[in-house]
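Asker: Okay, sequence plus prediction incoming.
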Amino acid sequence: MAWKKIGQIITPEKVNRKWMKTHAMDPTVDFLYDDIFRIYFCGRNENNQSLIGYVDIDINDPFKIIESPEEPILGLGTLGAFDDNGVTASCIINHNGEKYLYYIGWKPRSTTRFGLMTGLAISKDNGNTFSRYSRAPILSLTDREPYSILTAPYVIKDKDEWMMWYVSCEGWVHADLPKYNIKLATSRDGINWVQDAIVCLDFKDENETALARPCILKEDGIFKMWLSYKTLDQTYR
C-alpha cells in the first residue's frame with residue numbers, strides 16, 4: 001500500500017470562522033452520500049482551546065469546501081468538568097439513525113502537562129448538532145489505569161459487539177512527558193464499556209514513549225491498525 005501526500009485540505013484561513021483562530025487538527029471522517037464526506041476536526045480559539053467543527057467535501061475535489069457551519073458543533077464542557085479546556089473529535093459511528101461522536105476532553109496543567117479523557121456526544125439530526133451523552137467521561141480511572149490519559153478512542157461496531165481501541169497512560173517520565181500505549185475495551189451498546197486494561201499494542205522498547213491515535217479497519221476478517229508513535233529522540237512518526 002502506497003500513500004501520497006496531496007497537501008492541506010483544511011486550514012483556519014480557508015474555513016474562515018470567527019471561533020477558529022489557529023489549527024485544523026485531528027480529522028475524523030464520516031461518509032455522507034455518493035462521493036461526499038464530512039470531516040470533523042478541531043480548531044483553536046483565541047484562548048488556544050480546541051473546539052470541534054466540520055467541513056463537507058467531494059472526495060474527487062477535496063480542496064473545495066462544500067459546507068462548514070458558522071459555529072462549533074461541540075464546545076467546551078462546564079467549568080471543572082473533564083473537557084472544560086478543549087474538545088477534539090476522535091471517531092464517529094452511525095447507529096440506529098444517530099451519530100455517536102467519541103471525543104477527547106482536555107484539562108489544563110496541574111502537576112502534569114495535561115489530562116485527556118474520552119467523552120461521547122450524540123447527534124439526532126444527521127451530524128448538524130451534537131449533545132453530550134454525559135458531563136463525565138465514558139472511560140474510568142482504575143487502579144490499573146490511574147492516570148488521567150484514557151483517550152483518542154477508535155470504535156468499531158462488529159455485529160453485536162463494540163470494540164474501542166484507546167490510548168492509555170502507563171505513567172509519567174516527568175511532568176511534561178507521559179508514556180502511553182494502546183488498550184482495548186468492549187461494549188454491548190457503545191456507551192457502557194468493559195474496561196479491563198487489555199494491552200493491545202505495547203512499546204517496542206524503552207526508547208518508545210507514545211503510541212497514539214489508533215485507526216482500525218476490519219478487512220477480510222483481519223483487523224488492521226494505523227497509528228502514530230514517538231520515541232525519546234524523535235517527534236511523532
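Answerer: Looks like it arrived, so ask away. All values derive from a computational prediction rather than experimental measurement.

Asker: strand partners of the helix or strand hosting residue 103, parallel vs antiparallel please.
Answerer: Residue 103 belongs to strand 98-107 when assigned by DSSP states H and E. If you go by DSSP bridges, strand 98-107 pairs up with strand 87-95 (antiparallel), strand 115-123 (antiparallel).

Asker: Now tabulate the ones you listed in a markdown table and tack on distance to residue 228, mean pLDDT and mean neighbour count.
Answerer: Every C-beta, even on glycine, is put in place using the N, C-alpha and C of the backbone. A markdown table is the format used below for the strands paired with strand 98-107 (distance: least, CB to CB, whole Å; pLDDT from 0 to 100; neighbours: other CB atoms under 10 Å):
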| stretch | distance to residue 228 | mean pLDDT | mean neighbour count |
| --- | --- | --- | --- |
| strand 87-95 | 13 | 97 | 22 |
| strand 115-123 | 14 | 98 | 22 |
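
Asker: need those in JSON lines with distance to residue 162, can you?
Answerer: Output for the strands paired with strand 98-107, formatted as JSON lines (distance: least, CB to CB, whole Å):
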{"stretch": "strand 87-95", "distance to residue 162": "8"}
{"stretch": "strand 115-123", "distance to residue 162": "12"}
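
Asker: Of all the ones you listed, which one is nearest residue 32?
Answerer: strand 87-95 (10.3 Å; CB to CB).

Asker: Identify each buried residue in the strand holding residue 103, please.
Answerer: Using 16 or more other CB atoms under 10 Å as the test for burial, strand 98-107 gives 99-107.

Asker: Nearest the middle, which residue of this structure would you pick?
Answerer: Central residue of the chain (CA atoms, centre = their mean): residue 90, 1.9 Å from the mean position.

Asker: what about it, distance to residue 16?
Answerer: Going from residue 90 to residue 16 by CB to CB, to the nearest Å gives 25 Å.

Asker: roughly how far out does stretch 102-122 sit from the chain middle?
Answerer: 10 Å (CA atoms, centre = their mean, to the nearest Å).

Asker: now the end-to-end length of that stretch.
Answerer: Stretch 102-122 has an end-to-end distance of 9 Å (CA to CA, to the nearest Å).

Asker: now swap in stretch 46-55 and tell me
Answerer: 21 Å.

Asker: Contacts made by it with the rest, please.
Answerer: Residues outside stretch 46-55 that contact it (CB atoms under 8 Å, 6 or more residues apart in numbering) are 9-10, 15, 17, 19-23, 25, 38-45, 65-69, 71-76, 85-89, 101, 103, 106, 127.

Asker: thought residue 202 was touching residue 183?
Answerer: No - between residue 202 and residue 183 there is no contact under CB atoms under 8 Å: 9.5 Å.

Asker: and those two? which has more neighbours close in?
Answerer: For residue 202 and residue 183, the more surrounded residue by other CB atoms under 10 Å is residue 183, and the numbers stand at 25 against 11.

Asker: Excluding covalently adjacent residues, which one is nearest to that one?
Answerer: In this structure, residue 183 finds its nearest non-sequential neighbour in residue 168, 4.4 Å apart by CB to CB, 6 or more residues apart in numbering.

Asker: Just the buried subset of the contacts of stretch 46-55, please.
Answerer: Neighbour-count burial (16+ other CB under 10 Å) applied to the contacts of stretch 46-55 gives 9-10, 15, 19-20, 23, 38-45, 65, 68, 72-76, 85-89, 101, 103, 106, 127.
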